[in-house]
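Q: need a 3D model of the following:
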Amino acid sequence: MNYCKFIKKAFTFSLVAVLGITTTSNAQNVSTKAISSTAKIFGGRAQYRTWNVGLNAGVLSPVALTGASGTNNYSNWDMNLGYGLTIRKQLAHSFGLELSGLAGTLSGSNKNATNGIQDGRTSFKTSLDWSANMMGVVNVATIDFLRRENSINFLVKAGFGLSGYSNKYIDDKNNTVDNGSTTSKQIPVGVGVKFRISDRVNFDLGHNMYFLGSNDLDGGNDISPVTKRAAKDKYSYSYAGIEFSFGPKSKPNLDWVNPVAMMYDELRDPSLRRELDSLKKHVAEQDKHVADQDKLIADQSTKIDALSKDSDSDGVADKFDKCPNTPTGIKVDGSGCALCPTGCVETTVPEGASKGNIQFEFDSSVLKTSSYPALDQLSSDVKSGVYSKIRLEGFASIEGTPEYNMQLSIDRANSVKTYLVNAGIPSSKLAVKGFGTKRPIAPNDTEAGRVLNRRVEIKKK
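A: Down below sits the predicted model:
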């Protein structure tokens, strides 16, 4: 049989059905826009119906569109009834997994053979008891890619499966030979067109080819004239069918989703616009809140600066200064008033006024650098044997409590001792004694006198 003529016959009823279903589809102009609009981009498969079950019937033949020619054992191929069932899980708009079953009859003869009966066989008949296949289904194109809703999808399929069949053939002596049952692996591939009747019902047309792992589908061994090896058998199935989508009515069918249209609708969705406006308002309110907080912080900083302002630089803030405008250099108490009743400034001790004494700053036991030369000379005299013993007597001015001043005088005497020890004088030659405010050498009612009383006297033996 001429295979092109076979294909024409197999698809004659399909072309008629296409015209009818296209007319029906255009007439109905199924509107599921309202339903589809409930789904969202990136919303996942849970928002769609994804399970589909189909029933189909068509033409089975023991040939395929592809493969080497001239390897068939029969010159005529019959078209027989085939019927199948499909269960498909749509994983995305463009891809799904389909489990399919198929059964029917395959047959052929050598009644028109020009080279005589091949291999001593006049005809065969194979019962395709079952065929089970798992195929990936890819939606490669749609006629309605410019429209909001798809209604025609083009598909390609491929996968893996098994076929179980039994066959008989009649030899040239009119004897029937029964080959029994066989199970074979197979590779199914196919193409198809899906027409939308409603959101739940599709009309399908397709053509599948099944490439077997065996060569006994027709009861014989087909030898390739090219490879001189047994050629693997194949068969094909041209079909039409109805497919039903299962799931809640409120969910759209994932088969007919147009992601571009959905994205466009989402961008123009009034609720999205309101949400965006609400977000803008919230951001504006937050900006205002931040600005208010910044202003509050600035106001608090201004108040803090006002509280800490010290106009006369006496160390006491204006808010707490009971004696404003104190002259620069005047020692003040905690209320900002001068410690010296006459408002005197700290004076420099006249040269020679503290001869033999080591002077200290107010409330300090740290040696002045100006004391180093005198202490170095004292160290040299002790080392040379001029003096054998040194007594260091510490004193303090009248400010502070007696206990505090006593300790301060001892600390001052120890500061001198530490310097001398570091200069090489044995500590056994140095004695320390604190007298606090006792034995002042100047009046404590003036700053000049208090300066002289902050001292360590050096007693030499």
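Q: and this structure, what are its domains?
A: 3-268, 357-460 (automatic domain parsing).
Q: list the contacts for residue 180?
A: Shown in contact with residue 180 (C-beta atoms under 8 Å, 6 or more residues apart in numbering): residue 166. Bear in mind the C-beta positions are built from the backbone N, C-alpha and C, glycine included.
Q: tell me which element it falls in.
A: strand 176-196 (DSSP states H and E).
Q: return the distance of that strand from the chain's centre.
A: Centroid separation for strand 176-196 versus its chain: 47 Å, with C-alpha atoms, centre = their mean, to the nearest Å.
Q: and the helix or strand that it is followed by, what other elements does it pack with?
A: Downstream of strand 176-196, the first helix or strand assigned by DSSP H and E is strand 201-212. Helices and strands touching strand 201-212, by 3 or more C-beta pairs under 8 Å, 6 or more residues apart in numbering; DSSP states H and E, are helix 3-28, strand 51-61, strand 152-171, strand 176-196, strand 234-246.
Q: just the CA trace of the strand holding residue 180, in PDB.
A: In PDB, the C-alpha atoms belonging to strand 176-196 read as follows (Å, rounded to 0.1, in the frame of the first residue of the first chain):
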ATOM      1  CA  THR A 176      -2.400 -20.700   9.800                       C
ATOM      2  CA  VAL A 177       0.700 -20.300  12.000                       C
ATOM      3  CA  ASP A 178       0.200 -19.000  15.600                       C
ATOM      4  CA  ASN A 179       3.300 -17.200  17.000                       C
ATOM      5  CA  GLY A 180       1.800 -16.800  20.500                       C
ATOM      6  CA  SER A 181       2.100 -13.700  22.700                       C
ATOM      7  CA  THR A 182       5.100 -11.300  23.000                       C
ATOM      8  CA  THR A 183       5.900  -8.300  25.200                       C
ATOM      9  CA  SER A 184       8.300  -5.700  23.700                       C
ATOM     10  CA  LYS A 185       9.800  -2.400  24.800                       C
ATOM     11  CA  GLN A 186       9.000   0.600  22.600                       C
ATOM     12  CA  ILE A 187       9.700   4.300  22.100                       C
ATOM     13  CA  PRO A 188       6.600   6.300  21.300                       C
ATOM     14  CA  VAL A 189       6.700   9.700  19.600                       C
ATOM     15  CA  GLY A 190       3.900  11.800  18.300                       C
ATOM     16  CA  VAL A 191       2.300  15.100  17.300                       C
ATOM     17  CA  GLY A 192      -1.100  16.500  18.000                       C
ATOM     18  CA  VAL A 193      -3.500  19.400  17.900                       C
ATOM     19  CA  LYS A 194      -5.800  20.300  20.800                       C
ATOM     20  CA  PHE A 195      -9.000  22.300  20.200                       C
ATOM     21  CA  ARG A 196     -10.800  24.000  23.000                       C
END
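Q: that strand pairs with which strands, and in what direction?
A: Paired neighbours of strand 176-196 in the sheet (DSSP bridges): strand 152-171 (antiparallel), strand 201-212 (antiparallel).
Q: and the longest one, what's buried?
A: Using 16 or more other C-beta atoms under 10 Å as the burial criterion, the residues of strand 152-171 that qualify are 152, 153, 155, 157, 159, 161, 163, 165, 167, 168, 169, 170.
Q: the first one and residue 194 touch, don't they?
A: Yes - contact criterion C-beta atoms under 8 Å: residue 152 and residue 194 qualify, at 7.0 Å.
Q: common neighbours of these two, please.
A: With C-beta under 8 Å, 6+ apart applied, the contact sets of residue 152 and residue 194 do not overlap.
Q: hang on, the earlier thing: how about the strand holding residue 180: buried residues?
A: For strand 176-196, a neighbour-count test (16+ other C-beta under 10 Å) marks 179, 182, 184, 186-190, 192-196 as buried.
Q: residue contacts, residue 128?
A: Residues in contact with residue 128 (C-beta under 8 Å, 6+ apart) are 60, 82, 102, 103, 104, 105, 106, 163, 164, 165, 235.
Q: count the residues that sit near the first one.
A: Right, residue 60. Using other C-beta atoms under 10 Å, the number of residues around residue 60 comes to 27.
Q: could you measure from it over to residue 79?
A: 7 Å (C-beta to C-beta, to the nearest Å).
Q: same check, this time on the fourth one
A: Using C-beta to C-beta, we find residue 103 at a distance of 16 Å from residue 79.
Q: same question for the fifth one.
A: Here the criterion is C-beta to C-beta. By it, residue 104 lies 10 Å from residue 79.
Q: before we move on, back to that, make TSV out of the domains of the chain and add distance to residue 321 and mean pLDDT.
A: Shown next, in TSV, are these (distance: least, C-beta to C-beta, whole Å; pLDDT from 0 to 100):
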stretch	distance to residue 321	mean pLDDT
domain 3-268	67	79
domain 357-460	20	93
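Q: and stretch 428-444, how far apart are its ends?
A: Taking C-alpha to C-alpha, to the nearest Å, the first and last residues of stretch 428-444 lie 34 Å apart.
Q: buried residues, it. List them.
A: 430, 432, 434, 435, 436, 437, 440, 442.
Q: show me how far stretch 318-325 is from its chain's centre.
A: 61 Å.
Q: again, but for stretch 88-100
A: 29 Å.
Q: now swap in stretch 434-447 and tell me
A: The answer for stretch 434-447 is 77 Å, by C-alpha atoms, centre = their mean.
Q: over to stretch 356-363?
A: 70 Å.
Q: buried residues in it?
A: In terms of neighbour count (16+ other C-beta under 10 Å), stretch 356-363 has its buried residues at 357, 358, 359, 360.
Q: among the residues you listed, which one lies nearest to residue 93?
A: The shortest approach to residue 93 among the buried residues of stretch 356-363 belongs to residue 360, at 91.7 Å (C-beta to C-beta).
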